[in-house]
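[1] Predicted model, plus sequence, below.
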Amino acid sequence: MERGYTAEHVNRIGLGAAGDDAVWQRAAQTGAALMTKDEDFAALAERDTSGPQVVWIRVGNISNDALWHAVEPQLNQIIQALDAGERIVEVL
């Protein structure tokens, strides 16, 4: 909530063991954007234009702390891209 947005990890909402379709449907129903390292969600976003927006984090296998340090400097650009309606926002 630091920037005015709520983030929910799939484990905290009971979807940790769920398949991609269940996670996709939850995001679509709640109006959430999916932030993921999973390329499958980017492919879904290309096929299902009525589904949620996807922030596709394209970094290697790193710790959560290192992941945050990679994403945090780009948050303003990510938010602007989502607000502009981009379906897939890639974070490198």
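    Now that the structure is in, tell me what you want to look at. Residues are numbered from 1 along each chain as shown.

[2] Before we move on, what's the pLDDT of E2?
    We note a pLDDT of 66 for E2 in this prediction.

[3] swap in T6?
    pLDDT, T6: 86.

[4] what do you get for N64?
    pLDDT at N64 comes out at 87.

[5] need the longest helix for this structure.
    helix 20-30 (DSSP state H).

[6] strands paired with the helix or strand following it, and their directions?
    The helix or strand immediately downstream of helix 20-30 is strand 34-36, counting by DSSP states H and E. Strand 34-36 has the following strand partners under DSSP bridges: strand 54-57 (parallel).

[7] quick one: contacts of the strand it pairs with?
    The contact list for strand 54-57, computed with C-beta atoms under 8 Å, 6 or more residues apart in numbering, reads 33-37, 39, 41-42, 44-45, 67, 70-71, 78, 82, 87-91. Every residue, glycine included, has its C-beta placed from N, CA and C.

[8] do stretch 3-11 as well
    By C-beta under 8 Å, 6+ apart, the residues outside stretch 3-11 that reach it are G16, A18, V23, A32, M35, L75, I79.

[9] 7 Å instead, please
    Around stretch 3-11, the neighbours that count as contacts under C-beta atoms under 7 Å, 6 or more residues apart in numbering are G16, A18, V23, L75.

[10] Centre of the chain to it, how far?
    10 Å (C-alpha atoms, centre = their mean, to the nearest Å).

[11] so how far is the longest helix of the chain from its chain's centroid?
    The answer for helix 20-30 is 11 Å, by C-alpha atoms, centre = their mean.

[12] Run through the neighbouring helices and strands of that helix.
    Judged by 3 or more C-beta pairs under 7 Å, 6 or more residues apart in numbering; DSSP states H and E, helix 20-30 is in contact with helix 39-47.

[13] how many other residues sit next to K37?
    15 (other C-beta atoms under 10 Å).

[14] distance of the closest residue in space to it that isn't next to it in sequence from G14?
    Among residues not flanking K37 along the chain, I57 sits closest, at 4.9 Å (C-beta to C-beta, 6 or more residues apart in numbering). Going from I57 to G14 by C-beta to C-beta, to the nearest Å gives 23 Å.
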